[in-house]
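Colleague: Let's see this in three dimensions:
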Amino acid sequence: MQKKSLKKLKRKKKIAKVRSGIELVDKGAKKFWRKNFGKEKEIVTNADFSEKVYHHIRENRIQIYGKLGEDPDRKKFVDTCCERFFIIPDPSKYPDNKDIHNFIDKSAVQYAIHVFGPWIQIFTMFYNHFFILTTDSHPLDVFHGMLSDEETKKKLDKGNNKKSSKKMRYLLRIREDPEDKNINLVISTISRGRKKKIIYEDDKIIRKKFKAKQKKNDDSIPEPIPPKWAFTEKVAGVGNYTDQTTYFEKLENLLQYLLGNYTEDVKSRSTEKIKTAIWSDDYIKAKEIDVTKDSSEPRSEEEPKPMMKTMAIEEEETDEETLARLEKEEEAEMKRITDLEGEKKEN
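Modeller: Now for the predicted structure:
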């Protein structure tokens, strides 16, 4: 028993090492950097890095290159990836460089690898999870890069934490865990608990690679399993809370799940955990959203105000009560549809 515990501890330490540290250790990325910029060079302009990445994808990632359309679309994809995902984690290393956001160093590459996977497949990961979308949840529109805890809280609050907690605002960002120092993609949220308590949370979204299993009596090479996103949340049990991990094939599916919608990964509908997106600066600029107004979200029809009695009941509901209420509503709706279909057949 003691040997098993020791083995498990060693494995945890090994996993922690993979997703922490700023030294460029990925073999593929080191080879790319040496080939294009030299071993000694630590930092290059974003434009230079983007140009070399374009050639890298054209020569080594044919499966993506062919899907990106014409040259302008390919260039836009590469530029977006380099600008949004490769961010220098410690700008203080370059005090003389005022336009540090226009540069990329080795540590920026390693940080991106910690979150999105090894260099050999990182652009495939970007393409599959940020550019090929089937729902209205676009992860890139709410991705804020390497935002500090202080800046994140300020964005979540938007000057009024009571109003923001009711709106259940959220955003995606890269964050270094203060305890284990692992670099993670997290969804940062503000919400209300019981008795209107304001709750801030940073929930990790960890890329998980699955090993393809060989079928019995089958000598063929098994199909590789694409990486998924692991999301762990606390679920109420009998007398306590337990951790429940769900795996999502697409990052947008996770957002849909948290919004309380159905997804391919989870057959049952969950309670709404997020509601209002905090758009990234790039999205605001592209959509020309007026941030001086009360809300940076695009205008939508005003929702009818619920009766005070109903609102008070919902605010005091537990997660289990809310889920039970939603299930009853769904059952009633399904019964109504079934009854209508029965009446049509009789007529």
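Colleague: Every contact and neighbour count from this point should use C-alpha atoms.
Modeller: Noted.
Colleague: name the element residue 188 belongs to?
Modeller: Assessed by DSSP states H and E, residue 188 sits inside strand 183-192.
Colleague: Repeat that for residue 205.
Modeller: Going by DSSP H and E, residue 205 is in strand 198-208.
Colleague: Each with direction, which strands does that strand pair with?
Modeller: Here strand 198-208 has these sheet partners by DSSP bridges: strand 183-192 (antiparallel), strand 228-236 (antiparallel).
Colleague: Same list, these, but as CSV with mean pLDDT and mean neighbour count please.
Modeller: Shown next, in CSV, are those (pLDDT from 0 to 100; neighbours: other C-alpha atoms under 10 Å):
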stretch, mean pLDDT, mean neighbour count
strand 183-192, 97, 24
strand 228-236, 89, 16
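Colleague: Nearest to residue 67, out of those?
Modeller: strand 228-236 (21.2 Å; C-alpha to C-alpha).
Colleague: Please compute how far the closest one lies from its chain's middle.
Modeller: 13 Å (C-alpha atoms, centre = their mean, to the nearest Å).
Colleague: what residue ranges in the stretch 1-150 of the chain are flagged as low confidence?
Modeller: 1-18 (pLDDT under 70).
Colleague: can you give me the helices in it?
Modeller: Remark: helices assigned in the stretch 1-150 of the chain by DSSP state H, counting those that start in this stretch are 2-18, 27-37, 46-60, 62-65, 71-85, 106-116, 122-126, 149-157.
Colleague: Please apply the same query to the stretch 151-300 of the chain.
Modeller: 161-167, 251-258, 281-287.
Colleague: and residue 133, which of the ones you listed is closest to it?
Modeller: helix 251-258 (7.3 Å).
Colleague: For that closest one, buried residues please.
Modeller: 251, 252, 253, 254, 255, 256, 257, 258 (16 or more other C-alpha atoms under 10 Å).
Colleague: pLDDT score for residue 321?
Modeller: At residue 321, the model reports a pLDDT of 57.
Colleague: Equivalent analysis for residue 227, please.
Modeller: Note on residue 227: pLDDT of 93.
Colleague: what about it, how many neighbours?
Modeller: Look at residue 227: counted by other C-alpha atoms under 10 Å, it has 18 neighbours.
Colleague: Please state the backbone phi and psi of it?
Modeller: The phi/psi pair for residue 227 (degrees, to the nearest 10) reads phi -60, psi 150.
Colleague: Please look at it and residue 209 and confirm they touch.
Modeller: Yes. The criterion here is C-alpha atoms under 8 Å, and residue 227 meets it with residue 209 at 4.6 Å.
Colleague: that older thread, if we compare the helices of the stretch 151-300 of the chain, which one ends up closest to residue 182?
Modeller: helix 251-258 (19.8 Å).
Colleague: gap between that closest one and the chain center?
Modeller: 8 Å.
Colleague: For the stretch 151-300 of the chain, give me the ranges with low pLDDT.
Modeller: Where the stretch 151-300 of the chain drops to pLDDT under 70, the residues are 214-221, 289-300.
Colleague: before we move on, back to that, and the helices of the stretch 1-150 of the chain: which comes nearest residue 166?
Modeller: helix 149-157 (10.7 Å).
Colleague: Buried deepest among the helices of the stretch 1-150 of the chain, which one?
Modeller: Of all the helices of the stretch 1-150 of the chain, helix 106-116 carries the top mean neighbour count, a mean of 24, counting by mean count of other C-alpha atoms under 10 Å.
Colleague: I'd like to check the angle between that helix and strand 183-192, please.
Modeller: 60 degrees (axes from the mean of the first three to the mean of the last three C-alpha atoms, to 10 degrees).
Colleague: what's the angle from helix 106-116 to helix 71-85?
Modeller: Helix 106-116 runs at 90 degrees relative to helix 71-85, counting by the same axes, to 10 degrees.
Colleague: Packing partners of helix 106-116?
Modeller: helix 122-126, strand 183-192, strand 198-208 (3 or more C-alpha pairs under 8 Å, 6 or more residues apart in numbering; DSSP states H and E).
Colleague: isn't residue 129 right next to residue 252, touching?
Modeller: Yes. Taking contacts as C-alpha under 8 Å, residue 129 lies within contact range of residue 252: 7.2 Å.
Colleague: residues shared between the contacts of the two?
Modeller: Here residue 129 and residue 252 share the contacting residues residue 139, scored by C-alpha atoms under 8 Å, 6 or more residues apart in numbering.
Colleague: on that earlier part again, as CSV, the strands paired with strand 198-208 with distance to residue 174 would be great.
Modeller: Formatted as CSV, the strands paired with strand 198-208 follow (distance: least, C-alpha to C-alpha, whole Å):
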stretch, distance to residue 174
strand 183-192, 5
strand 228-236, 14
